Every structure is written in structure tokens, then in C-alpha cells.
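Undergrad: please find the sequence and the predicted model below.
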Amino acid sequence: MYTLTPLNITGYYNLEVPHAFIRNASNKLAVMFPGRGYTCDMPLLYHLSRAIIEKGYDLLQVRYEYGNNNKFNLLPPSEQVKWMTKDNVNAVRAALEQGTYNEVLLVGKSMGSFAMTFVMNAMAFEQSLKSIWLTPTIKQAEVFEHMKTVQHPSYLIMGDNDPHYNAAKLEQLPQQQLIVPNANHSMEVVGNIQRSMEINQEIVTTLAAELI
């Protein structure tokens with residue numbers, strides 16, 4: 001039986017980092033980094049969270065709200081990187097202190113691919129590492145170049161109607177890939193709710209079977 005446990009996480013400017021930590025008495029930890037507007041409560045991340053918990057992981061959802069933070073949005077990009085790095089690295093470190101973990105799974109959606117990049121560049125994981133890249137922002141050089149260097153088991157999922165979709169770049173990446181026809185950046189097909197729900201199910205089922 002899992003429990004919801006608040007952690008003490010402070011980040012940039014000593015501000016509290018919003019989060020939810022689901023304790024599952026596990027030796028496996030998953031950390032979820034949502035998108036700018038795609039929160040952990042939205043369909044894909046909600047159902048993926050449920051699958052991760054059912055697979056026995058402890059789960060930290062980093063519930064940052066950078067898109068609604070005027071102070072963050074007015075900063076130059078270099079300062080935003082420092083803010084995101086400190087918030088997310090401190091969040092991962094706080095989660096790692098909650099147990100003796102031998103496996104870590106990082107999950108990032110859209111803007112969360114930035115967070116994962118910053119965390120992986122800043123931390124040396126002693127645990128076995130896996131990662132899931134949901135609609136990563138591969139048009140951004142920092143994310144794309146980092147993804148090219150990933151050597152641990154990893155999965156990339158994107159729709160071919162996503163503005164970040166680029167077949168030539170995807171061919172250069174080592175991640176196992178699921179490219180969904182007609183899906184947009186939210187992994188939905190506009191005007192087709194039935195297909196959109198099916199896509200979410202396909203993604204969660206695939207990841208649960210092949211990586212989680």
C-alpha cells in the first residue's frame with residue numbers, strides 16, 4: 001500500500017519546489033518531470049504514474065509551475081537554466097534520500113526533457129538508470145545533443161504532428177522509439193477523442209511492457 005509523503009525540497013531563491021512523493025516501500029525510484037502546461041494530472045502522465053506505481057516504484061512528481069511564474073519568465077535563458085537545474089537536482093536528491101534504491105527511472109514530458117537533461121548533466125547516478133522522453137524538445141540543441149549521448153535503456157515517444165518532430169534528427173538518437181501517426185504535442189489526434197484515448201493506452205501499455 002503506497003502513501004503520499006511530503007518532502008522538504010527547496011530550490012532556487014530557497015523557494016519550496018512543488019511536488020508529490022508517493023512512497024511504495026520500494027528499492028526502485030521514478031521521477032516525473034511534466035511539461036510547461038502539461039501537468040502530472042493530465043491524461044498521459046496520470047495513467048503513466050499509475051502504471052509506475054503498480055510496477056512497484058516509489059514516485060516523485062516534480063510539480064513545477066514555471067509557465068505561471070512571472071519572475072521566472074522575465075529572467076534571461078541562462079538564469080532560467082540555473083533555476084530549473086537547482087530545483088530539479090535538489091528534488092531528485094531529496095527523493096534519493098527516502099530509500100536505498102538500486103534503480104532510477106526518469107520521465108520527462110516536453111519541458112521536462114530540459115529538466116532531465118539538466119539533472120543528468122549535473123548528477124552522477126550510482127543506481128541503474130532508465131529514462132522515458134515524452135515529446136522531447138529536440139529542436140533545442142541542448143536537449144538533442146544530450147539525448148545523443150544517452151547510453152542507458154531509454155524510450156522516446158512522439159507524434160509526427162508534433163512541432164518538434166524531425167525525422168532526420170530522430171534517426172540520430174539512440175533511444176528506442178514509438179512514433180505515433182497524426183498525434184500532436186499532447187499525444188492527441190485533434191477531432192478524434194477515441195483515437196486520442198487509444199494512443200494513451202498504447203503508450204502506457206508499451207512502456208509498462210518494455211521499459212518500466
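TA: That came through fine. Residues are numbered from 1 along each chain as shown.

Undergrad: tell me the spacing between the residue at minimal distance from the centre of the chain and residue 143.
TA: Closest to where the C-alpha atoms of the chain average out (C-alpha atoms, centre = their mean) is residue 108, at 1.5 Å. As judged by C-beta to C-beta, to the nearest Å, residue 108 and residue 143 stand 9 Å apart. In this view, the C-beta of every residue, glycine as well, is placed from N, C-alpha and C.

Undergrad: what's the offset of the host helix or strand of residue 46 from the middle of its chain?
TA: Residue 46 belongs to helix 43-54 when assigned by DSSP states H and E. Put simply, helix 43-54 sits 12 Å off its chain's centre (C-alpha atoms, centre = their mean, to the nearest Å).

Undergrad: any idea of the mean pLDDT in the helix or strand following that helix?
TA: Downstream of helix 43-54, the next assigned helix or strand under DSSP H and E is strand 58-62. Averaged across strand 58-62, pLDDT comes to 98.

Undergrad: what strands line up against strand 58-62, and which way round?
TA: strand 19-23 (antiparallel), strand 28-33 (parallel) (DSSP bridges).

Undergrad: is the residue nearest to the centre of the chain bridged to anything, and to what?
TA: Here residue 108, judged by DSSP bridges, has bridge partners residue 33, residue 133.

Undergrad: check contacts around it.
TA: 32-33, 114-116, 131-134, 136 (C-beta atoms under 8 Å, 6 or more residues apart in numbering).

Undergrad: angle of the helix or strand harbouring residue 194 against helix 43-54?
TA: For residue 194, the host element (DSSP H and E) is helix 193-210. Counting by axes from the mean of the first three to the mean of the last three C-alpha atoms, to 10 degrees, helix 193-210 lies at 30 degrees to helix 43-54.

Undergrad: just checking, what packs against helix 193-210?
TA: Contacts defined by 3 or more C-beta pairs under 8 Å, 6 or more residues apart in numbering; DSSP states H and E place helix 193-210 against helix 43-54, strand 154-159, strand 176-180.

Undergrad: what's next to the first one, contact-wise?
TA: Applying C-beta under 8 Å, 6+ apart, the contact partners of helix 43-54 are 2, 22, 24, 30, 32, 34, 38-40, 59, 61, 105, 107, 109, 132, 134, 186-187, 197, 200-201, 203-204, 207-208, 212.

Undergrad: mind running it again at 7 Å?
TA: Counting by C-beta atoms under 7 Å, 6 or more residues apart in numbering, the neighbours of helix 43-54 from elsewhere in the structure are 2, 22, 24, 30, 32, 34, 38, 40, 59, 61, 107, 109, 134, 187, 200, 203-204, 207-208, 212.

Undergrad: now the buried members of those.
TA: By neighbour count, with 16 or more other C-beta atoms under 10 Å, the contacts of helix 43-54 hold 22, 24, 30, 32, 34, 38, 40, 59, 61, 107, 109, 134, 187, 200, 203-204, 207-208, 212 as buried.

Undergrad: what's in contact with stretch 192-201?
TA: Contacts to stretch 192-201, defined as C-beta under 7 Å, 6+ apart, come from residues 43-44, 47, 180, 183, 187-189.
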